[in-house]
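> Predicted coordinates and the sequence they were generated for:
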Amino acid sequence: MEEKPQIGYSKKVMDHFLNPRNVGEVEDADGIGIVGNPVCGDLMQVSIRVEDEIITEIKFKTFGCGSAIATASMVTELAEGKSLDEALEITRQDVADELEGLPPIKMHCSNLAADALHKAIEDYRQKQAKKAES
Amino acid sequence: MVYLDHASSRPVDPRVLVVAGRYLREDFGNPSTLYSRGLTARTALEEARVKVARLIGAETPSCIVFTATATEANNLALVGGALRNRKMGTHVVTSAIDHISVINPMKQLQKQGFELSIAPVNSYGIIDLDALGRIVRADTVLSSINYANDEIGTIEPIHEISEIVHENGNYLHVNATAAAGTIPIDVQAEGIDLLTLSSNELYGPRGAAALYIKKGVRLQPVLPGGGQERGLRSGTENIFSVAAMGEAARLAAEEMHHESRRLTALRDALIREILAIEDAYLTGHPAQRLPNHASFRFGRIEGESILLNLDTVHDIQVATGSACTSQTLEPSHVLLAIGLKHEEAHGSVVMTLGRSNTDADIPVVVDAVEKTVQRLRAITAL
Ligand code: FES
C-alpha cells in the first residue's frame, strides 16, 4: 500500500490543540519549569504538585504555536500520576509518537514541552535538597 | 466560511473563467502558426496586452511582456535589467520590506559582482526617502521598490521614490503584484521604468503575469529559446491564462473605483472593531494602505495558533508572519524591518479582503477573533 504523505497536523494534535488538558498553573506548585525556545522565541511553563515522589497535579502554559500547545497538553497527560523518575524518562520522541507524529519542522516544539517538565522536576528536587539542608 | 487570505490566492472570477475556457477548449491554437486558429490565438494575446497596458497606463501595448509568474517577471526585470545595463553601473537597491522574489534575484546579482544596498523603512513600512536619496548614486543601475506591501498593506509614495531614483540613479522597477487591480497605477505619470503584476491578484488564473517595460529600456532575456515576447520571454504563449489575465485586467480597471470604496469601508470597520480588543495593534500604515488589507498583531499570543483556531473552529482563513509558520523559523523580514521585536512579530495576523466578502462578514470575523484571542490568552505563558 502506498504511504500517504502527512500534511499538516494529525487528528491527535488537533484534538489537544482544540481541547488542551491541564491548562494553567498549579497553586503553590512544588516545582516549576520554564523554558524558552531558542529557535523561534516561544515560551513554555510547566508546574507540578508532588506527593510521595508522584506527580499528582501538573499544568502548563505556553506562548507558542499549535504544536507547542498540543505537545504541552500531551506531556501533562503522560506525566500525571507518574513517579518523578518515570516522568524524567518521558522523551521528546515519546511526546511526538503519542501525538501520532509531528511535521519535521515542528519537532522542536515537542522538545520544549518535555524540557519544561524535566526542569520542573529538577526545580522540585533542588527545593527539596535546600529544605533538607536547613 | 469567510476567506480572508486574498493576498496569497484568489478565486478566478466566473466572467474570467468563461474566457479561459474558450481558449482551453476551442481557440487553443499556437499563436506562432499561420492558420486561422493560430491567428485567433495571436489576436487574443494582443488583446490581452492592450487590456493589461490600459490597467497600468502603459504608453503602448508592446511595453507589456507576458511571463508565467510574478517571480519570473521580477527576475527578468532585475537580473535581465542589471546584466543588460551593466555599463551604467553595478550597484542595485531594494528595500527592507520587498518580496522574497525581489530580494533573492538581488542576492543572485550580488554573487555576480553587483553591490546591493537595502533602503530602510519607518515603523509604518514607508521607505525612508532621505536614506534612499543617500543610497542611490550614479552607478545605481536598478532600484526595486514594492508598490504596496502584501504583509502590512502599506502603499509606498512611488512618485516621490521615482524622482529620487532618477535624480542620481537609473531605472526603477516596481513590484506591483499586491497593488495592481486594487488601486490605480499610472506607470507614465509615476515615472516607473519596469513594473510587475500578476494574473491571480486580478482574479485571473495562475500561469500568467506581466512585466511592463518602458519604451527604450533594454533587458537581457533570462529564458532564451524560440524568441516569443520580443525575444524577452521564450516559450509557447500560455494563451488561456494570458487571455484570462487580460479579461481580469479589464474587469479590474472597470470596477476598481467602486470596489475599492466598498472594500475600504469593510477594511475600516474590521480594523476599528479588532483594535477594540485588548493588546491588539495595527501593523502598517493606518491610511496609506491597500483598500483590502487589514493586518494586526496581538500581544502575548502566537499567530499560527490564531490561524489554526480561526480555521478549525470558525472556518475563517487568514495569514500570519509568525516565526512558527516559516520554513526558517524566523519571523517575517517585513515585521522585523518595521521594528517589531521577535515576540511581537509572533502575534501577527494578516487579513486580506476580496470580491466575495460582504458587510455581513465583519461581525462574524470580529466575534471569532475575540473568542480566539480570549482562548489563547488563557493558555499563554506571558
Ligand atoms: S512554538 Fe514556534 S514552532 Fe512551535
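That came in fine, so what should we check first?
> The ligand contacts on chain A?
A:Asn37, A:Cys40, A:Asp42, A:Gly64, A:Cys65, A:Ser67, A:Ala68, A:Lys106, A:Cys109 (CB under 6 Å from any ligand atom). Just so you know, the C-beta spots here come from the backbone N, C-alpha and C atoms, and that holds for glycine as well.
> tell me the SS of the closest residue in space to B:Ile192 that isn't next to it in sequence?
Spatial nearest neighbour of B:Ile192, excluding adjacent residues (CB to CB, 6 or more residues apart in numbering or on different chains): B:Val174 at 5.1 Å. Using DSSP: H, G, I helix; E, B strand; the rest coil, the structure places B:Val174 in strand.
> residues in contact with B:Val174?
With contacts defined as CB atoms under 8 Å, 6 or more residues apart in numbering or on different chains, the neighbours of B:Val174 are B:Ser144, B:Ile145, B:Asn146, B:Tyr147, B:Ile158, B:Ile192, B:Leu194, B:Leu195, B:Thr196.
> Can you tell me which of the residues of chain A next to the ligand end up in helices?
In this view, the residues of chain A next to the ligand that belong to helices under DSSP state H are A:Ser67, A:Ala68, A:Cys109.
> how about the last one, what does it touch?
By CB under 8 Å, 6+ apart, the residues touching A:Cys109 are A:Asn37, A:Asp42, A:Gly64, A:Cys65, A:Ser67, A:Ala68, A:Thr71, A:Leu102.
> 10 Å - rerun?
A:13, A:37, A:39-40, A:42, A:44, A:62, A:64-72, A:92, A:95-96, A:102-103, B:324 (CB atoms under 10 Å, 6 or more residues apart in numbering or on different chains).
> and if you look at B:Gly339?
B:Pro120, B:Val121, B:Asn122, B:Ser123, B:Tyr124, B:Gly125, B:Ala345.
> Highest neighbour count among those?
The residue in those with the most neighbours, by other CB atoms under 10 Å in any protein chain shown, is B:Gly125 (29 neighbours).
> That one contacts B:His285, doesn't it?
Yes. Between B:Gly125 and B:His285 there is a contact under CB atoms under 10 Å: 6.6 Å.
> Find the residues that touch each one of those two.
Counting by CB under 10 Å, 6+ apart, the contacts common to B:Gly125 and B:His285 are B:Ala148, B:Asn149, B:Ile152, B:Gly153, B:Thr154, B:Ile155, B:Glu156, B:Ile338.
> B:Thr358: neighbouring residues, count only.
B:Thr358, neighbours per other CB under 10 Å, totals 11.
> Least confident secondary structure element in chain B?
helix B:342-345 (a mean of 91; mean pLDDT, DSSP states H and E).
> Next, see if that helix gets close to the ligand.
No. Helix B:342-345 lies out of reach of the ligand by CB under 6 Å from any ligand atom, never closer than 10.7 Å.
> The following helix or strand past that helix - contacts with which helices or strands?
Next helix or strand after helix B:342-345 toward the C-terminus (DSSP states H and E): strand B:348-352. Using 3 or more CB pairs under 10 Å, 6 or more residues apart in numbering or on different chains; DSSP states H and E, the elements in contact with strand B:348-352 are strand B:2-3, helix B:239-275, strand B:293-298, helix B:303-314, helix B:333-337, helix B:361-377.
> and chain A, which of the ones you listed is closest to it?
Chain A sits nearest to helix B:303-314 of all the helices and strands packed on strand B:348-352, at 4.0 Å, using CB to the nearest CB.
> need the next SSE after that closest one, C-terminal direction.
strand B:316-317.
> For that following strand, what is the distance to the chain centroid?
Counting by CA atoms, centre = their mean, to the nearest Å, strand B:316-317 is centred 21 Å from the centre of its parent chain.
> need the contact list for the nearest residue to B:Thr40 once chain neighbours are set aside.
Distances taken as CB to CB, 6+ apart place B:Asp27 nearest to B:Thr40, at 4.6 Å, with adjacent residues excluded. When contacts are counted by CB under 10 Å, 6+ apart, B:Asp27 touches B:Val19, B:Ser36, B:Arg37, B:Gly38, B:Leu39, B:Thr40, B:Ala41, B:Thr43, B:Ala44, B:Ile239, B:Phe240, B:Ala243.
> and chain A, which of the contacts of B:Gly339 reach it?
B:Ala345 (CB under 10 Å from any CB of the partner chain).
> Okay, and which of the contacts of B:Gly339 map to helices?
Per DSSP H, helices hold the following members of the contacts of B:Gly339: B:Ala345.
> of all the contacts of B:Gly339, which comes closest to B:Val93?
Closest approach to B:Val93 among the contacts of B:Gly339 (CB to CB): B:Pro120, at 11.5 Å.
> how near is that closest one to the ligand?
For B:Pro120, the distance to the ligand equals 27 Å [CB to the nearest ligand atom, to the nearest Å].
> Quick one: residues contacting that residue.
B:Ser95, B:Ala96, B:Ile97, B:Ile127, B:Asp128, B:Asp130, B:Ala131, B:Leu132, B:Ile135, B:Ala337, B:Ile338, B:Gly339.
> Apply 8 Å and report the result again.
Shown in contact with B:Pro120 (CB under 8 Å, 6+ apart): B:Ser95, B:Ala96, B:Ile127, B:Asp128, B:Ala131, B:Ala337.
> Whichever helix or strand B:Val18 is part of relative to helix B:239-275, how many degrees between them?
Using DSSP H and E, B:Val18 falls within helix B:14-25. In terms of direction (axes from the mean of the first three to the mean of the last three CA atoms, to 10 degrees), helix B:14-25 departs from helix B:239-275 by 150 degrees.
> Could I get the pLDDT score of the closest residue to B:Ile379 other than its chain neighbours?
The shortest distance from B:Ile379 to any non-neighbouring residue, by CB to CB, 6+ apart, is to A:Val23 (5.3 Å). For A:Val23, the pLDDT comes out at 97.
> Also the one 10 residues further on?
A:Gly33 carries a pLDDT value of 96.
> Go ahead and confirm it touches A:Ala114.
No. Using CB atoms under 8 Å, A:Gly33 makes no contact with A:Ala114, being 10.1 Å away.
> that older thread, go ahead and build a PyMOL selection from the buried members of the contacts of A:Cys109.
Buried residues within the contacts of A:Cys109, by 16 or more other CB atoms under 10 Å in any protein chain shown, are selected in PyMOL with:
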select buried, (chain A and resi 13+37+39+40+42+44+62+64+65+66+67+68+69+70+71+72+92+95+96+102) or (chain B and resi 324)
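> For burial, what's the neighbour tally of B:Glu273?
B:Glu273 has 18 neighbouring residues, counting by other CB under 10 Å.
> who's in contact with the residue in the stretch 251-382 of chain B positioned nearest to the ligand?
Using CB to the nearest ligand atom, the closest approach of the stretch 251-382 of chain B to the ligand is made by B:Cys324 at 3.4 Å. In this structure, B:Cys324 makes contact with A:Cys40, A:Asp42, A:Gly64, A:Cys65, A:Ser67, A:Ala68, B:Glu302, B:Gly303, B:Glu304, B:His346, judged by CB under 8 Å, 6+ apart.
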